[in-house]
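>>> Prediction below, plus the sequence it came from.
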Amino acid sequence: TIDRIEDIHGQDPIESPVFRANYYSFLFISAGKGQYTLDEQVHQVLPYTIYFTNPGHLKSFKTLEAYVGYILTFSEDFLKEHVRANIFEDFPFLLAETVPPGYLDENSYEAFGQLVEQMYQEKKGDSPYKYDIIANLFVVLLLKIKGRFWHQYDPKEEADRSSKIVQQFRQALEHTYRHLGEWSYLPNVQDYAEQQQLHPNYFNTVIKTKTGKSAHNWISEKTLSEA
């Protein structure tokens, strides 16, 4: 989806409930003030703010002054089908678990705003290729975001320091083999993903990207080691 925020939220300040989404959200705020919470982290939103949230996290938001801008939402399937199959290799920051907002001045923001406006107009059109056009424009957008805010991001470094998903998976894996009597079967990838309320595909992508091994490989190696 690509929508103008003011068309969705209107002009009155609003406060959302806490929720967990299974999709990516990209927000481009040209006017307004507010804040959003991602897990326990609270971030301020000001004019010319760009930020995104990814699946799995608890989040909420509230506006103090009505936002003007755009919100883009994409599923992982859309990204892999229409953008790039190896999307997380080219843009590993999409898997970042600590996602601070980017603050720009008016001139710097304009380049991003024009791209999103073009995507919005394509979405309203009836071209049979509109999703492919949007996807290609989105690649340009991601490259600009990566170059401006995320060019030094290293997912494996985050795994060692601050990845809650990786840390909780390793702890859960260790707990499984210390308390085998609690299980009638050996848990699989889906079981560990459900413990963190994550989609199994997203969970496995995070584990593989940040540790170099898939969750299935971690489980297999642990099983063999314990045996």
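Everything's here; your move.
>>> which regions of the protein lie under the pLDDT threshold?
159-162 (pLDDT under 70).
>>> If you count neighbours, what's buried in the longest helix seen in the chain?
Looking across the chain with DSSP state H, the single longest helix is helix 106-124. Residues of helix 106-124 classed as buried: 109, 112-113, 115-116, 119, 122 (neighbour count, 16 or more other C-beta atoms under 10 Å). Glycine gets a C-beta too; all of them are placed from N, C-alpha and C.
>>> Show me what it is packed up against.
In terms of contacts (3 or more C-beta pairs under 8 Å, 6 or more residues apart in numbering; DSSP states H and E), helix 106-124 is packed against strand 2-4, strand 24-38, strand 58-74, helix 130-145.
>>> For the second one, which strands pair with it and how are they oriented?
Take DSSP bridges as the rule and strand 24-38 pairs in its sheet with strand 41-45 (antiparallel), strand 49-53 (antiparallel), strand 58-74 (antiparallel).
>>> Return the most buried member of these.
strand 49-53 (a mean of 21; mean count of other C-beta atoms under 10 Å).
>>> how much does it deviate in direction from helix 106-124?
50 degrees (axes from the mean of the first three to the mean of the last three C-alpha atoms, to 10 degrees).
>>> Run through who's touching strand 49-53.
Applying C-beta atoms under 8 Å, 6 or more residues apart in numbering, the contact partners of strand 49-53 are 21, 24-29, 36, 38, 43, 45, 59, 94, 99-104, 109, 112, 145, 149.
>>> Could you count how many residues lie near residue 180?
For residue 180, the count of nearby residues is 9 (other C-beta atoms under 10 Å).
>>> Now do the contacts for it.
So residue 180 contacts nothing (C-beta under 8 Å, 6+ apart).
>>> Tell me which residue is most central in this protein.
Closest to where the C-alpha atoms of the chain average out (C-alpha atoms, centre = their mean) is residue 54, at 1.7 Å.
>>> wait, it sits on residue 98?
No - using C-beta atoms under 8 Å, residue 54 makes no contact with residue 98, being 10.9 Å away.
>>> Can you add distance to residue 90 and give the strands paired with strand 24-38 back as TSV?
As requested, these are exported to TSV (distance: least, C-beta to C-beta, whole Å):
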stretch	distance to residue 90
strand 41-45	25
strand 49-53	16
strand 58-74	15
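>>> Can you tell me the closest non-neighbouring residue to residue 209?
residue 155 (5.0 Å; C-beta to C-beta, 6 or more residues apart in numbering).
>>> The one you found against residue 208, yeah?
No - contact criterion C-beta under 8 Å: residue 155 and residue 208 do not qualify, at 9.8 Å.
>>> Comparing these two, which residue is more hemmed in?
residue 155 (21 against 18).
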